[in-house]
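In: have a look at this fold, sequence not included:
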């Protein structure tokens, strides 16, 4: 999808839709109060005593938040293959804005500095921004390597997202809240898997082409 200009834009559109799916219901319920997208679900779990007592702390909330961070990393990696330097700057700027979504409130700088939820949000913000910097450095790598890294990042987002969902389900069951998997989680997963599959396929195709070229050259 990144091999042509149209493919690049399709990849960006798919990542944008995946981000939208992150904010669509991951669990659905007849009552709107329990129809939660991943961000709200992470906030809800961060208040649960069982999640507060987890080791490492707030693991369930972290797993539900990390998929958005992986989208930040994937978007920053995609920017590397943009042909227009100005476009690359804009896409990276958008990635920065999405990374700042987890920036904790100003209370974190004062009396609430020890709050584990705020500390996790600060950590995720740092991970997002650090990933953008690393993605910019990765621009020196061959494009097929960048494609493989992007695919791996997207697969990581899907895996941790569903891990977080499975850890959340017992918490809702304890309150006798019957929920179903929402279309947001399904859409996020399908889009990320589709992009990852295409990128891996392109990487394998590029490796075969390079091998054939070397064979001809050697012959």
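Out: Good, I have the coordinates. Predicted, not measured: the structure shown is a model, and the values here were computed from it.
In: tell me the phi and psi of residue 25?
Out: In terms of degrees, to the nearest 10, the main-chain angles of residue 25 are phi -60, psi 130.
In: buried stuff in stretch 22-41?
Out: 22, 24-29, 34-41 (16 or more other Cβ atoms under 10 Å). (C-beta placed from N, C-alpha, C; glycine too.)
In: let's see which of the residues you listed end up in helices.
Out: Among the buried residues of stretch 22-41, the ones falling in helices (DSSP state H) are 22, 38, 39, 40, 41.
In: report the separation between the first one and residue 98.
Out: According to Cβ to Cβ, to the nearest Å, residue 22 and residue 98 sit 10 Å apart.
In: low-confidence ranges in this protein?
Out: Applying pLDDT under 70 to the chain picks out residues 1-3, 32-34, 203-219.
In: what ranges do the strands span in it?
Out: Along the chain, counting by DSSP state E, strands occupy 25-28, 36-37, 180-181.
In: tabulate the ones you listed (JSON lines), appending distance to residue 75.
Out: Shown next, in JSON lines, are the strands of the chain (distance: least, Cβ to Cβ, whole Å):
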{"stretch": "strand 25-28", "distance to residue 75": "20"}
{"stretch": "strand 36-37", "distance to residue 75": "19"}
{"stretch": "strand 180-181", "distance to residue 75": "25"}
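In: so for residue 128, which of these sits nearest?
Out: strand 36-37 (18.2 Å; Cβ to Cβ).
In: tell me the strands beside that closest one, with direction?
Out: Partner strands and pairing direction for strand 36-37 (DSSP bridges) are strand 25-28 (antiparallel).
In: name the residues that touch the strand it pairs with?
Out: Applying Cβ atoms under 8 Å, 6 or more residues apart in numbering, the external contacts of strand 25-28 come out as 34-38, 41, 64, 161, 165, 168, 172, 179-185, 188.
In: quick one: distance of that strand to the chain centre.
Out: From the chain centre to the centre of strand 25-28 is a distance of 17 Å (Cα atoms, centre = their mean, to the nearest Å).
In: check stretch 42-54 too.
Out: How far stretch 42-54 lies from its chain's middle: 21 Å, per Cα atoms, centre = their mean.
In: now that stretch: buried residues?
Out: Applying 16+ other Cβ under 10 Å to stretch 42-54 flags 42, 44, 45, 46, 48, 51, 54 as buried.
In: can you list contacts of it?
Out: By Cβ under 8 Å, 6+ apart, stretch 42-54 touches 36, 58-62, 64-65, 116-117, 120, 164, 168, 171.
In: would you list the ones in helices among the buried residues of stretch 22-41 in CSV and tack on distance to residue 82?
Out: Output for these, formatted as CSV (distance: Cβ to Cβ, whole Å):
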residue, distance to residue 82
22, 23
38, 27
39, 27
40, 32
41, 33
